[in-house]
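Q: Quick check, what structure comes out for this input:
(chains A and B)
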Amino acid sequence: MKNLLILSLALLLAACASVRKVESGANPVGERMSINVDGNWNHLDFPGIKPAQLWTMEGITIDELMVYSGIRDGQVMHSESAASDKQKDFAFRKAMQTEEIVSMLEGVLSRDGSTFKLRKLEPYAFGGKKGFRFEFERIRKIDNVQMRGLGFGAVDREELFALVYQAPRLTFFPRHEARVEAIAKAVSIK
Amino acid sequence: MKRRQLLAAGCACCASALVPRAWAQETPDYLAPQRFQRPDLATDEGGLWAMMDREEKALRRSPLVLRDARLAGYVQDIACRLGAAHCPDIRVFLVRTPQFNASMAPNGMLQIWTGLLLRMENEAQLAAVIGHEIGHYLQRHSVDRLRDIKSRAAAGQVLALFGLAGAIGQLAVLAGGFAYSRDHEHEADRIGAHLMHRAGYRVSESAAVWNNLLDEARAREGDEPSATSPLFASHPAPPERRNNLAQLAQSMPGGTDGKDRYAEHTGHLIDEWLQDEIKRGQYAESLVLLSRRIDTGGAAGLMRYYRGEVHRLRGLAGDHDLAWSDYQLAVADADPPPPAFRGIGLVARQRGQMSEARHAFARYLDLAPEAPDAALIKSYLAELNS
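A: From the prediction side, this is the model:
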């Protein structure tokens, strides 16, 4: 059943998603952020993913890198207004402290019933700005896969910039962890 | 017939809809059927069992199933007290998911989500939910539901041939499906109450479950839930249901609530369930839940800490003052939760009360040096000390 759900999700996304290759080198995201990548990343775009960009190396049922650039005060993170259960939308507020931003991202990642466990939260210079880095574990509700993840972020001039990466903990996360750390290190924010 | 409809039928009438008719006089007592035999695989019921068997196999491996043998044994015992002769056929799975839900499949697989366990105030309330689910199981509602969906699907396909009139007809068929579901809910509530009474539980607690759920739903919807939520729309009107349960309870007096036993078996997991609860971001519902728990006593420091967290995270005008007040009461508790000191530090830092922030952060690190956010809090302390 779970496999069928995943397959259905993949087919649905294939029907309404656009996919393009992310070129190696510097990639501007939004007006102020630039991400330097190597490797075979793909950028997917489909309804409901904004205000983030979704990048993946292995395919979105396996790994995903969410890229948030220039999120403004009051902006909703992945609106779920169509959900029948009237889920609350999470929104960024410019006055949020680091813990509140991470809590907001936790909420985004667990509102489908997935679990989220914060393993580490520490200061981090992200894009040359004073920011944060966090590590987490997640059990994805839809298929019970145990994920591991990394997140990075900073608020600059009242706008949020962040990366959140996750992949199955056993094979794929260790395979790409160093690559994602390198991407985060090379982010620039104008 | 779509697979999801089959599954929905298989787990029909979940307790997220826990939910009753003027029926107290209808059933002086309830006589449960004999234990069920596995149906022939060639029948629709046999197919439904087979599908649920596969779901159960997957569920057994799920990392979301709680591996707490003592709690699982306790809940299994409650199910056995209620199910009586059917006890050997009931298998309980506690699933870590913060929403209020329980469901029982025709093969005896009973799922209870932690969001429901968090909301139970005593053993009798949990027995009310389980008794309701066993009521669906004993009456084989899922099989009725499956056959109903099949016949409605066929009728809908015929009606679809007739344009707008056909579309209206399809809507009528759908509405009929809801009514059918409501009848099942009424019956399951009635049977659940009898099972509770027979097992020695206080039946009035079943109305309390519904009342509490209704309070939360109102806080979220800002209106009668039946007016805005498709979930509630497919079930009896909430006040009617609560009132019917209360009426039924009057005809079945006595019983115990098992409050202490419930707290003894779940107390060590409340912290984790509350962490999951506030991540839902349904702050209005969480505030109703936490305020109720504070009013009814038990783990007051922990409940105040989490209510403070909800206010801080919601961040509306005045919320930081409310958070501050709850954190202060939490740290004054005999068993103060360490993160309540962090909460005080965060609010104080934002208000520019540097001395209070410094003191609270230092206390938090003393009590929780290995906390996941220790490095970040240390950086705040370094800033405050510089």
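
Q: Residues contacting stretch A:152-162, please?
A: Contact partners of stretch A:152-162, identified using CB atoms under 8 Å, 6 or more residues apart in numbering or on different chains, comprise A:32-33, A:66-73, A:92, A:94, A:96, A:101, A:105, A:124, A:126-127, A:129-134, A:151, A:163, A:184, A:187, A:189. Backbone N, C-alpha and C define where each C-beta goes, glycine included.

Q: in it, what counts as buried?
A: Residues of stretch A:152-162 classed as buried: A:F152, A:G153, A:A154, A:V155, A:D156, A:E159, A:L160, A:F161, A:A162 (neighbour count, 16 or more other CB atoms under 10 Å in any protein chain shown).

Q: For it, give the mean pLDDT please.
A: Stretch A:152-162 shows a mean pLDDT of 97.

Q: for A:Y68, helix, strand, or coil?
A: Taken by DSSP: H, G, I helix; E, B strand; the rest coil, the conformation at A:Y68 corresponds to strand.

Q: ugh, wrong one, I meant B:L41
A: Using three-state DSSP, the three-state assignment for B:L41 comes out as coil.

Q: So the residue nearest to it when sequence neighbours are not counted, which state does it fall into?
A: Nearest non-adjacent residue to B:L41, counting by CB to CB, 6 or more residues apart in numbering or on different chains: B:A50, 6.1 Å away. What three-state DSSP gives for B:A50 is helix.

Q: Which parts of the chain are strands?
A: If you meant another chain, say so; for now it's chain A. Remark: strands assigned in chain A by DSSP state E are A:18-22, A:25-29, A:33-37, A:41-45, A:52-56, A:64-71, A:76-77, A:90-91, A:115-126, A:129-140, A:145-156, A:159-168, A:188-189.

Q: wrong one, I was asking about chain B
A: Taking DSSP E as the criterion, chain B carries its strands at B:91-95, B:102-104, B:109-113.

Q: Low-confidence regions, chain A specifically.
A: Within chain A, the segments meeting pLDDT under 70 span A:1-17, A:80-88.

Q: Repeat the analysis, applying 50 as the threshold.
A: Scanning chain A for pLDDT under 50 picks out A:1, A:81-85.

Q: Any idea which residue is closest to the centre of it?
A: The centre of chain A sits closest to A:M66, judged by CA atoms, centre = their mean, with a distance of 2.5 Å.

Q: So which bits of the stretch 251-386 of chain B are right by chain A?
A: When proximity is defined as CB under 8 Å from any CB of the partner chain, the stretch 251-386 of chain B approaches chain A at B:276, B:279-283, B:312-313, B:315, B:346, B:349-350, B:372-373, B:375-376, B:379.

Q: For these, which PyMOL command selects only the ones that are buried?
A: Applying 16+ other CB under 10 Å to these, the buried members can be selected in PyMOL as follows:
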select buried, chain B and resi 276+279+280+281+282+283+312+313+346+349+372+373+376+379
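
Q: Tell me how far the residue nearest to the centre of chain A lies from A:A91.
A: For A:M66, the distance to A:A91 equals 16 Å [CB to CB, to the nearest Å].

Q: Pick out the most distant pair among the buried residues of stretch A:152-162.
A: Farthest-apart pair in the buried residues of stretch A:152-162 is A:F152 and A:E159; separation 15.0 Å (CB to CB).

Q: What is the burial count for the nearest residue to B:A299 once chain neighbours are set aside?
A: Once flanking residues are discounted, B:A299 sits nearest to B:I270: 6.1 Å by CB to CB, 6+ apart. Burial of B:I270 is recorded as 20 neighbouring residues (other CB atoms under 10 Å in any protein chain shown).

Q: Quick check, pLDDT for B:I270.
A: As summarised for this prediction, B:I270 has a pLDDT of 96.

Q: Is it correct that it is in contact with B:A300?
A: No: applying CB atoms under 8 Å, one finds B:I270 not in contact with B:A300, separated by 11.9 Å.

Q: Would you confirm that B:R96 contacts B:D276?
A: Yes: between B:R96 and B:D276 there is a contact at 7.1 Å, judged by CB under 8 Å.
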